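Novice: structure of the sequence below:
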Amino acid sequence: MTTCWHLCTNGHQEISGDRDFSLQQCIGLLESDHLDLKIIDVGKYTISLKNNKTGARYYLSQHNEMIQFIGFSGGHIPILYHVKSFSVAYDEPILFLKIKQEHQNKTLKLVIPMEKKD
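Specialist: Predicted coordinates:
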């Protein structure tokens, strides 16, 4: 029984660590200087973003059980898996991503400015 308990708790810690690592990667990607993202529009479940360097535009939204970038001109990049629900709130310049995964609820806080309107 003791061996079984240790295997189960170690497995849970590894899975939990993987989820935390995935969330940190998600934050790192969205706040990356390489992408230099600006927010175009925020909905309750979707964000429209623009790469300030290239002009490429994306949606960030949930599809099935993953959060992904979807290009305006096609294609998608999965950035977080095993997502049960996803919602968004914005209070300039803080973007709040509310993510519910199997065994945890997280609110990610990212600093992404709104694109200035001409």
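Novice: what's near enough to touch the nearest residue to residue 96 once chain neighbours are set aside?
Specialist: Sequence neighbours aside, residue 89 is the residue nearest to residue 96 in space, at 4.3 Å (criterion: Cβ to Cβ, 6 or more residues apart in numbering). Bear in mind the C-beta positions are built from the backbone N, C-alpha and C, glycine included. Contacts for residue 89 (Cβ atoms under 8 Å, 6 or more residues apart in numbering) come out as 42, 95-96, 98.
Novice: which element, helix or strand, includes residue 89?
Specialist: In the assignment (DSSP states H and E), residue 89 maps to strand 83-91.
Novice: and that strand, how far out from the chain middle?
Specialist: Averaged C-alpha coordinates place strand 83-91 at 9 Å from its chain's average position (Cα atoms, centre = their mean, to the nearest Å).
Novice: end to end on stretch 100-114, go ahead and measure it.
Specialist: End-to-end distance of stretch 100-114 (Cα to Cα, to the nearest Å): 25 Å.
Novice: over that stretch, what's the mean pLDDT, rounded is fine.
Specialist: Across stretch 100-114, pLDDT averages out at 89.
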